[in-house]
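here you go, sequence then predicted model.
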Amino acid sequence: MMWITHMIFGIFLYFLAVHLGLLPYDIGYLILVGLASLVPDIDHPRSKISKALRLEKIGMMVEHRGIFHSIYALLIVSLSTYFIVYYLGYPEKAFEMGFLVAIGYSSHMISDSLTPSGICWFYPRGKVHGPIKTGSYGELLFLFIISYFLALVFLASIIGMGVNRDSLLMSFGFSILVSVTMEGEVIVRARR
């Protein structure tokens, strides 16, 4: 999947957790989940996260969708976040931060599990794969559906509108906006 799909899916899962009362809404939390949803692709030298952090060499040393796309990496990154925040003197925020990173990281793994190449959840075993090709119109449809439900959950949780005609129309508009952005990426990718 492409970076925007990973980010939107992670943010959707965050708002779902907010809607269920598991986490409070906080713009910083939203950003953390969005960034965590990109971290597994640190194993690809041309990914947005590798380029932004100038860590392209990691992608040259390890297999893409290998150990960084496994439950082991998810646990290590989430628990590391918990302990770092705890020992920095914020024990009351440590669990929330670890949970937020787990949401973002696992959202990436779930969405990559939907592609034909899939991922090995228990690397090197436990391969899970699906029919959605990266950068395809199938991914665009997946993104459209997720962005629609993200907008619905956002409106229901944060604005308190509930599900009515206005929230349905606003959700539709948001999902079209996200999908048009994605379609531009799909078209550019197809021309390469």
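Perfect, thanks for sending it.

which residues touch stretch 61-72?
Defining contact as Cβ atoms under 8 Å, 6 or more residues apart in numbering, one finds that stretch 61-72 is touched by 39-44, 73, 108-109, 112, 117-124. In short, each C-beta sits where N, CA and C put it, glycine included.

narrow the residues you listed to those in helices?
Among the contacts of stretch 61-72, the residues falling in helices (DSSP state H) are 73, 108, 109, 112.

and the gap between the residue nearest to residue 119 when sequence neighbours are not counted and residue 61?
Spatial nearest neighbour of residue 119, chain neighbours left out: residue 69 (4.2 Å); criterion: Cβ to Cβ, 6 or more residues apart in numbering. Look at residue 69 and residue 61: by Cβ to Cβ, to the nearest Å, they are 15 Å apart.

settle it for me: which of those two has more neighbours?
Neighbour count, other Cβ atoms under 10 Å: between residue 69 and residue 61, residue 69 has more, with 25 against 8.

now residue 105: which helix or strand?
helix 91-112 (DSSP states H and E).

sorry, back to before: of the contacts of stretch 61-72, buried ones?
39-44, 73, 108-109, 112, 118-121, 123 (16 or more other Cβ atoms under 10 Å).

out of those, which are inside strands?
Judged by DSSP state E, strands contain the following of those: 119, 120, 121.

quick check: mean pLDDT of stretch 110-125?
The average pLDDT within stretch 110-125 is 94.

what's the offset of it from the middle of its chain?
Distance of stretch 110-125 from the chain centroid (Cα atoms, centre = their mean, to the nearest Å) equals 15 Å.

same deal with stretch 53-60?
Taking Cα atoms, centre = their mean, one finds stretch 53-60 lying 20 Å from the centre of the chain it belongs to.

so residue 135 sits right up against residue 3, yeah?
No. Applying Cβ atoms under 8 Å, one finds residue 135 not in contact with residue 3, separated by 10.9 Å.

compare the two (neighbour count), which wins?
residue 135 (20 against 15).
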